[in-house]
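In: What would the 3D arrangement of this be:
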Amino acid sequence: MPDIDPQIFSISRPSLGGYKAFVQRDMIVETYRSAAGQMISRGSLHRISINRTAHGKYAYRFGSGAFRKVERPPFTLGFQPAATVLEVDGDAADYISIFQSPALYSSIGGSRFDPEHWDSDALSATSDPTTLQVALSLAFAAEKTGRDDPLLMQHLGMALACCVVKLLGAKPEVGDRPLTSDNLRRVIDYIENLLGKSDLSVEELAGVAHMSPFHFSREFKRAAGMAPHRFVLERRIERARLYLADGKETLANIAYATGFSSQAHFSSVFRRLMGATPKEYQRSVRLSASTRRWQISNFAKDNRTNLKSLEAAVCEAFPIRRPHMTAFAQTNPITDICFLVEDIDKASSFYVERLGFKPRRRAPGFADFKGAGVTLALWEIEHIAENTGVSSRRAPPGAHKACAAIELASPEQVDAAYAELKAAGVLFHAPPQDYVWNARCVYFADPDDNLWEIYAWSAGGPIGDIDPQ
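Out: Residues are numbered from 1 along each chain as shown. Take a look at the predicted model:
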């Protein structure tokens with residue numbers, strides 16, 4: 001077990017088994033099994049501890065106060081404020097310990113979050129599902145040595161801090177200024193210039209924008225349409241595509257030049273985002289590399305372009321060839337356009353009375369209509385979510401929300417389409433199932449979360465017919 005720098009946190013504790021750790025500036029994540037015995041600790045970071053297994057014996061005290069014996073069931077969260085001495089005497093248990101910067105908690109909770117002056121009872125709580133899931137995600141990343149992503153860990157750490165602030169009773173302060181277009185441009189330029197830096201953190205980017213990390217992450221996602229972590233990841237992949245098209249660097253060099261911790265990490269992320277491994281992608285662009293590389297070279301020379309423009313030219317000249325192709329869309333036309341609505345009656349009235357559609361079928365949470373084209377269908381969001389398990393998350397006001405559907409001739413064809421598209425890399429919500437509306441269906445979403453349904457009516461056909469013609 002590596003020692004924690006005593007300048008950051010001083011801790012004396014019983015022997016630890018199965019110890020794994022992730023260490024990053026202003027955050028340490030540990031997972032371990034603690035033997036029975038006493039612990040004493042104090043440091044410059046807040047410490048969040050969650051016992052994965054129950055304690056049969058547990059006593060603690062802050063500072064020089066008296067020891068208190070308490071029950072500590074599994075998944076109890078304990079919070080030790082920075083600069084506060086904590087002593088514990090307990091039996092063996094499995095633990096997650098997370099050390100975080102007080103500045104992060106101050107940026108989220110503001111003056112309302114003042115744990116140094118709280119009663120000790122206020123520093124312990126049963127973990128809610130969201131807090132526990134975030135903590136377990138941090139623990140899982142710490143346990144998978146060599147597969148961690150520093151920027152992702154930063155985001156998870158911020159998410160944990162938000163959960164802890166809420167769990168312990170403080171609410172984030174509001175009223176921070178928005179991220180201006182100038183500041184957004186400054187942050188993006190900063191990212192472009194430092195894509196090779198593997199530890200590019202949210203806090204660092206927030207500093208460029210002169211904002212708190214929590215508020216910056218929220219404002220960046222609002223302005224850019226994605227979280228900072230995702231944005232940086234996609235920019236790393238676009239830069240890597242340039243190197244792969246050029247063909248002069250090894251995969252290991254490309255990985256480090258674009259800020260990935262290893263070639264394996266780079267290959268894993270590239271395949272997840274691009275649908276092909278770096279080698280498969282490189283083979284596809286080499287098929288006509290001599291001609292196109294000459295074109296790009298002249299493009300850069302003639303236009304004296306910057307790297308970003310050159311990247312755009314490469315992406316256009318070398319479109320990715322997916323390793324698995326399917327002709328599904330060429331043989332199965334879209335048969336239904338489905339809108340996800342809040343109130344099926346209100347929406348039906350609009351399409352019948354205002355647009356002249358003729359009702360065809362009506363069932364709980366569902367209606368479809370005849371018009372001069374494909375079938376128009378309406379699904380109540382809560383109804384389809386309750387029955388299929390797809391997300392009921394709403395789009396913001398003014399955003400478009402729809403579901404495209406393809407009707408096949410038989411339930412067996414739905415199963416065959418599922419197998420074909422799954423082999424082509426489509427990620428389905430779940431395998432095909434038979435639903436209460438007498439159809440066999442399967443669902444997936446595109447990268448923008450637009451929902452797709454492939455369905456076939458079961459024996460007996462559709463239900464709820466108003467006009468079967």
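
In: Does Ile254 belong to a helix, a strand or coil?
Out: Classification of Ile254 by DSSP: H, G, I helix; E, B strand; the rest coil places it in helix.

In: List the residues that contact it.
Out: Residues near Ile254 by Cβ atoms under 8 Å, 6 or more residues apart in numbering: Ala240, Tyr243, Leu244, Phe266, Pro278. (C-beta placed from N, C-alpha, C; glycine too.)

In: residue contacts, the last one?
Out: For Pro278, the set of contacting residues under the criterion of Cβ under 8 Å, 6+ apart consists of Ala240, Leu244, Leu251, Ile254, Phe266, Ser267, Phe270, Arg271.

In: how about 10 Å then?
Out: Contacts for Pro278 (Cβ atoms under 10 Å, 6 or more residues apart in numbering) come out as 237, 240-241, 243-244, 251, 254-255, 263, 266-267, 269-271.

In: from those residues, which single one is nearest Pro178?
Out: When these are compared for distance to Pro178 (Cβ to Cβ), Ile237 wins out at 28.3 Å.

In: so which strand or helix has that closest one?
Out: Ile237 is part of helix 228-246, with elements assigned from DSSP states H and E.

In: What sits closest to Asp343 if chain neighbours are left out?
Out: Distances taken as Cβ to Cβ, 6 or more residues apart in numbering place Glu380 nearest to Asp343, at 7.3 Å, with adjacent residues excluded.

In: doesn't Cys403 make contact with that neighbour?
Out: No - if you go by Cβ atoms under 10 Å, Glu380 and Cys403 don't touch, sitting 11.9 Å apart.

In: between the two, what contacts are shared?
Out: Leu340.

In: hmm, back to that, out of the contacts of Ile254, who has the most neighbours?
Out: Highest neighbour count within the contacts of Ile254: Ala240, with 25 neighbours (other Cβ atoms under 10 Å).

In: Turn the contacts of Ile254 into a markdown table, including pLDDT.
Out: Formatted as a markdown table, those follow (pLDDT from 0 to 100):
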| residue | pLDDT |
| --- | --- |
| Ala240 | 90 |
| Tyr243 | 86 |
| Leu244 | 87 |
| Phe266 | 91 |
| Pro278 | 90 |
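
In: ok, so of those, who is nearest Ser127?
Out: Phe266 (34.1 Å).

In: Now that closest one: which helix or strand?
Out: helix 263-274.

In: what residue ranges in this structure score low on pLDDT?
Out: By pLDDT under 70, the low-scoring segments of the chain are 1-7, 145-148, 170-177, 285-327, 355, 393-401, 446-450, 466-469.

In: Check which element follows the helix holding Phe266 along the chain.
Out: Immediately after helix 263-274, counting by DSSP H and E, sits helix 278-286.

In: Buried ones in that following helix, by neighbour count?
Out: Pro278, Glu280, Tyr281, Gln282, Ser284, Val285 (16 or more other Cβ atoms under 10 Å).

In: same deal with stretch 137-152?
Out: So stretch 137-152, judged by 16+ other Cβ under 10 Å, has buried residues Ser137, Leu138, Ala139, Phe140, Ala141, Ala142, Asp148, Asp149, Pro150, Leu151, Leu152.

In: and those, which two are the farthest apart?
Out: Of all pairs in these, the most separated under Cβ to Cβ is Ala139 and Leu151 at 18.0 Å.

In: that's a helix at Met211, yeah?
Out: No - counting by three-state DSSP, Met211 falls outside a helix, being coil.

In: separation between it and Phe366?
Out: Distance, Met211 to Phe366, by Cβ to Cβ, to the nearest Å: 45 Å.

In: neighbour-wise, which of these two wins?
Out: Each of Met211 and Phe366 has its neighbours counted (other Cβ under 10 Å); Met211 has more, 22 against 19.

In: hang on, the earlier thing: show the contacting residues for the residue nearest to Asp343.
Out: 340-345, 347, 364-367, 386, 392.

In: Quick check: phi and psi on it?
Out: The phi/psi pair for Glu380 (degrees, to the nearest 10) reads phi -70, psi 130.

In: So what pairs up with it in the strands?
Out: With DSSP bridges as the criterion, Glu380 is bridged to Val341.

In: So it versus Gly464, what's the distance?
Out: For Glu380, the distance to Gly464 - Cβ to Cβ - is 14 Å.

In: can you give me the helices for the stretch 51-200 of the chain?
Out: 102-109, 129-143, 150-167, 181-193 (DSSP state H, counting those that start in this stretch).

In: which of the contacts of Glu380 has the most neighbours?
Out: Neighbour-wise, those (other Cβ under 10 Å) top out at Ala367, 24 neighbours.

In: neighbours of Ala264, just the number please.
Out: 14.

In: no no, Ser64
Out: With other Cβ under 10 Å as criterion, Ser64 counts 7.

In: That one and Leu86 touch, don't they?
Out: No - using Cβ under 10 Å, Ser64 makes no contact with Leu86, being 11.8 Å away.

In: could the contacts of Pro278 be laid out in TSV, adding distance to Gly460?
Out: As requested, these are exported to TSV (distance: Cβ to Cβ, whole Å):
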residue	distance to Gly460
Ile237	48
Ala240	53
Arg241	51
Tyr243	57
Leu244	53
Leu251	55
Ile254	57
Ala255	56
Gln263	55
Phe266	52
Ser267	49
Val269	47
Phe270	47
Arg271	43
